[in-house]
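# Any chance you could fold what I've pasted below:
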Amino acid sequence: MAVEDDGGGARRPVVPLGHGDPSAFPCFRTVPEAVDAVAAALRSGDHNSYSTSVGLEPARRSISQYLSRDLPYELSADDVYLTSGCAQAIEIVCSVLARHGANNILLPRPGYLFYEARAVFNGMEARYFDLVPDRGWEIDLDSLQALADRNTVAMVIVNPGNPCGNVYTYEHLAKVADTARKLGIFVIADEVYAHLTFGEKNFVPMGVFGSVVPVLTLGSISKRWVVPGWRLGWIVTNDPNGVLHRTKVVDSIKSYLDISADPPTFVQGAIPQLIENTKQEFFDQTVEILRQTADICWEKLKGISCITCPSKPEGSMFVMVKLDLSCLQDIKDDMDFCCRLAKEELVVVLPGCAVGYKNWLRITFAIAPSSLEDGLDRLKSFCVRHSKPNM
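Residues are numbered from 1 along each chain as shown. The predicted structure is shown next:
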């Protein structure tokens, strides 16, 4: 990691509080059983060929069984389509929906702007509904309904939340499902941070409501197993009523996969053993570290006068905080703040404009606790140095 002399001969590292890849930190290292599964798949010699376009059947079956643990019905391998990470899953879903004549799609604000990029690339309009900071970043269902029209095809929900660190209750998700049903739209459920929850709310998959409204669930092994570089994700059709088949959405997903790159065959081959052999203790340990770092983040942010955190993070790896520019001198906006912070303190945070929320910041707490404390102390020093007199 890059370091810089602090002027006194000591060298200090860059503190990365701006991205969602904690794999570089030993405390977030993936479980040995996952590495062993990939190594065994490679050594077997059985996974050196191209895979089928939808993915290897044993991998799809294992993922369907893994996801079915949290559902009131059983998924099958035919409900699962493997992708090169969750990013390709987003790409495929947006392309498929545009192919079916979609004119617009409803996206959360703040939110992961890759959805907008893929939607616009495919000729769709991105319309943004609000997440409400003072209600734990719940969806403003009134604003969502006001945006929808007869050309709206789907809405996106991210749970646990990136960038907000929120976790939705069963009751709120039920209201989302009912609203989508009334509007006649699909739900795209981005659940790449599934089960990374450490507050009072447990993770509830949107697929629980698949009999109410058709749900396309997007996920991957990237976050829960802490292996984003392995590039193995999925699209899952949570649709007991068969709507996605009747409307040919499933056929379009298969057609797209026929002409797109596949995830590495040996990683697909490792999935059954990776899922079967990973012990709950590993997941519990990861969640406990995230709980500790979320607590550190929450407590230290309270001591920074120009930053307000509306709610304590309960899931994923992030928290959104609001900048009070009136307390700062010579800081134009969130981008200016982040650029100066990086230059002066070697601390990298994401400006809110990158997630559609100007003059806010997204802070990642999925790093080593000692590095997090160091980074937040530097953030405080920066704010004190740039505060207006008598503030």
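
# what's in contact with stretch 170-178?
138-139, 141, 155, 157, 159, 168, 187, 204, 206, 208-209, 212-213 (CB atoms under 8 Å, 6 or more residues apart in numbering). Where you see a C-beta, it was placed from the backbone N, CA and C, and this is true even at glycine.

# List the buried residues for it?
Using 16 or more other CB atoms under 10 Å as the test for burial, stretch 170-178 gives 172-173, 176-177.

# and if you look at stretch 327-346?
Buried, per 16+ other CB under 10 Å, within stretch 327-346: 327-328, 331, 334, 337-338, 340-342, 345-346.

# Save those as TSV, and put in distance to H245, pLDDT and secondary structure too.
Shown next, in TSV, are the buried residues of stretch 327-346 (distance: CB to CB, whole Å; pLDDT from 0 to 100; DSSP: H, G, I helix; E, B strand; the rest coil):
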residue	distance to H245	pLDDT	secondary structure
C327	55	95	helix
L328	55	96	strand
I331	53	96	coil
D334	44	98	helix
F337	49	98	helix
C338	46	98	helix
R340	53	98	helix
L341	50	98	helix
A342	49	98	helix
E345	54	98	helix
L346	52	98	coil
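
# average model confidence for the longest helix belonging to the chain?
Determined from DSSP state H, the single longest helix within the chain is helix 280-301. For helix 280-301, mean pLDDT is 98.

# roughly how far is stretch 329-342 from the heart of the chain?
Averaging C-alpha coordinates over stretch 329-342 and over its chain gives two centres that are 26 Å apart (CA atoms, centre = their mean, to the nearest Å).

# Not counting it itself, show me its contacts.
Here stretch 329-342 makes contact (CB under 8 Å, 6+ apart) with 18, 323, 325, 328, 347-353, 358-361, 379, 382, 386-388.

# for stretch 25-35, same thing?
Under CB under 8 Å, 6+ apart, the answer for stretch 25-35 is 22-23, 225-227, 270, 273-274, 277-279, 282, 286, 289, 366-369, 371.

# Of the residues you listed, grab the buried ones for PyMOL.
Buried residues within the contacts of stretch 25-35, by 16+ other CB under 10 Å, are selected in PyMOL with:
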select buried, resi 22+23+225+226+227+270+273+274+278+282+286+289+366+367+368+371
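
# Keep only those of the contacts of stretch 25-35 that are in strands.
Judged by DSSP state E, strands contain none of the contacts of stretch 25-35.

# which sections of this protein are below the confidence cut-off?
The model of the chain has pLDDT under 70 over residues 1-10, 391.

# How is it partitioned into domains?
Per automatic domain parsing, the structural domains of the chain span 3-29+280-385, 32-277.

# Which stretch among those domains is buried most, on average?
domain 32-277 (a mean of 19; mean count of other CB atoms under 10 Å).

# follow-up on the earlier one: can you put the buried residues of stretch 327-346 in JSON lines and add distance to V243?
Converted to JSON lines, the buried residues of stretch 327-346 look like this (distance: CB to CB, whole Å):
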{"residue": "C327", "distance to V243": "51"}
{"residue": "L328", "distance to V243": "51"}
{"residue": "I331", "distance to V243": "50"}
{"residue": "D334", "distance to V243": "41"}
{"residue": "F337", "distance to V243": "46"}
{"residue": "C338", "distance to V243": "43"}
{"residue": "R340", "distance to V243": "50"}
{"residue": "L341", "distance to V243": "48"}
{"residue": "A342", "distance to V243": "47"}
{"residue": "E345", "distance to V243": "51"}
{"residue": "L346", "distance to V243": "51"}
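
# quick one: which of the residues you listed is nearest to L107?
Using CB to CB, D334 comes nearest to L107 of the buried residues of stretch 327-346, at 19.8 Å.

# element containing Q268, please.
helix 265-277 (DSSP states H and E).

# no no, V96
V96 belongs to helix 85-99 when assigned by DSSP H and E.

# Could you list every helix and strand that that helix packs against?
If you count contacts as 3 or more CB pairs under 8 Å, 6 or more residues apart in numbering; DSSP states H and E, helix 85-99 packs onto strand 80-83, helix 114-121, strand 186-190, strand 215-220, strand 233-238, helix 249-258.
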